[in-house]
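Visitor: My questions are about this predicted structure, shown below with the sequence.
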Amino acid sequence: MRVSILRQKSAESEPYREIFEYDGSPDNTIAVLLDHINYNDDITDIYGKRTDRISWECSCLQGICGACAMVINGVPALACETFVRDLKGEEIDIRPLSKFPVIRDLIVDRTSIHENLKQTNIYIGEYQPSEKSSHAQQYITAKCLKCGLCLEVCPNYVNGRNFFGAVFANDCYLAASRNRSKSKEIRGVYSKHFGADCSRSLSCMDVCPMKIPTITSIAMMNRK
Ligand code: FES
C-alpha cells in the first residue's frame with residue numbers, strides 16, 4: 001500500500017510530499033504504520049531515495065491523550081484509533097492538522113487551545129457541588145482531549161481569531177456548571193468567543209474521538 005505524507009522540515013520551510021510503501025498488516029493502526037515506516041535505520045521513499053524519519057506526536061497510543069491528531073484520507077482523526085483496514089482506496093493520505101502552525105511534519109502547535117482558555121479564565125476554580133441530574137453530562141464533557149480535531153472540521157474556526165470553537169463551548173459549560181459564582185463572567189466570554197459566531201454545522205461532533213455531545217453544552221449555555 002502507498003502512503004503519501006505531507007511533510008515539512010520546520011515551521012519556516014515549505015511543505016512537500018513523500019510517498020512510502022507499507023507492507024504491514026491492515027489490522028494495524030496509522031500510529032503503528034508510522035512506526036513501521038520509521039523503524040529502519042535507513043528510511044527510503046518508494047523511489048529508493050533516503051529520507052528523514054517522519055516526525056509525529058504520540059503518548060498513550062490508546063486514544064486518551066489526543067497527541068496523535070492528524071488528517072487521514074481527508075478526515076481529522078487520531079492515528080492510534082484509525083485502522084488501516086477501515087480506509088478506502090489504494091493510497092493513504094496523511095497530513096498535519098491545517099488549522100494550527102506546523103512545527104515539523106505531522107506535529108503542530110496547539111498552544112492556542114490552552115491560551116484561549118487561559119485568557120478567558122475558563123477554569124473551574126472553587127468547586128461548588130451542582131445538581132446531580134447534570135453529572136452525567138458533565139462527566140462526558142470533561143473527557144475532552146484538547147486534541148483539536150473539532151477545530152479542524154469547524155467552518156468558523158480560524159487560529160488566532162475571536163471564535164474559539166467547540167472545545168471552548170464545552171469547557172464553558174463545564175466551568176459554569178461546577179462554579180456558579182463564575183457563571184455570569186463565563187456567560188459573557190461564551191457569547192463573545194462562541195455563541196455569536198457558531199453556525200451550528202455540528203461537524204465537531206462527527207469527529208470528536210470522545211463522542212462529546214457538544215450540542216447539549218451549547219443548548220445549556222445558550223439557555224443561560
Ligand atoms: S497517542 Fe494518545 S490519543 Fe493517540
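Guide: That came in fine, so what should we check first? Numbering: from 1, shown residues only.

Visitor: can we go C-alpha only for contacts and neighbour counts from here?
Guide: Noted.

Visitor: Tell me the helix or strand right after the longest helix seen in the chain.
Guide: Assignment by DSSP state H gives helix 166-178 as the longest helix of the chain. The first helix or strand that comes after helix 166-178 along the chain, using DSSP states H and E, is helix 183-190.

Visitor: Show residues contacting that following helix.
Guide: 120, 122, 168, 169, 172, 175, 176, 177, 221, 224 (Cα atoms under 8 Å, 6 or more residues apart in numbering).

Visitor: are any of the residues you listed buried, and which?
Guide: The neighbour count (16 or more other Cα atoms under 10 Å) marks 120, 122, 168, 169, 172, 175, 176, 177, 221 as buried among the contacts of helix 183-190.

Visitor: can I get those residues in CSV with pLDDT?
Guide: Converted to CSV, those look like this (pLDDT from 0 to 100):
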residue, pLDDT
120, 96
122, 91
168, 97
169, 97
172, 96
175, 93
176, 92
177, 90
221, 94
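
Visitor: Make JSON lines from the residues you listed and add distance to the ligand to it.
Guide: Below are the buried ones among the contacts of helix 183-190 laid out as JSON lines (distance: Cα to the nearest ligand atom, whole Å):
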{"residue": "120", "distance to the ligand": "26"}
{"residue": "122", "distance to the ligand": "23"}
{"residue": "168", "distance to the ligand": "19"}
{"residue": "169", "distance to the ligand": "21"}
{"residue": "172", "distance to the ligand": "23"}
{"residue": "175", "distance to the ligand": "24"}
{"residue": "176", "distance to the ligand": "27"}
{"residue": "177", "distance to the ligand": "27"}
{"residue": "221", "distance to the ligand": "28"}
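
Visitor: of those residues, closest to residue 32?
Guide: Distance to residue 32 across the buried ones among the contacts of helix 183-190 (Cα to Cα) is lowest for residue 168, with 31.2 Å.

Visitor: so who does that closest one touch?
Guide: Residue 168 is in contact with 116, 117, 190, 194, counting by Cα under 8 Å, 6+ apart.

Visitor: Now do the longest helix of the chain against helix 183-190, angle only.
Guide: 170 degrees (axes from the mean of the first three to the mean of the last three Cα atoms, to 10 degrees).

Visitor: Spatially nearest residue to residue 130 (excluding sequence neighbours)?
Guide: Nearest in space to residue 130, with sequence neighbours left out and distances taken as Cα to Cα, 6 or more residues apart in numbering, is residue 178 at 5.9 Å.

Visitor: okay, that neighbour: pLDDT?
Guide: Confidence at residue 178, expressed as pLDDT, is 89.

Visitor: I'd guessed it sits against residue 131; true?
Guide: No - applying Cα atoms under 8 Å, one finds residue 178 not in contact with residue 131, separated by 9.3 Å.

Visitor: And residue 219, how far from the ligand?
Guide: 28 Å (Cα to the nearest ligand atom, to the nearest Å).
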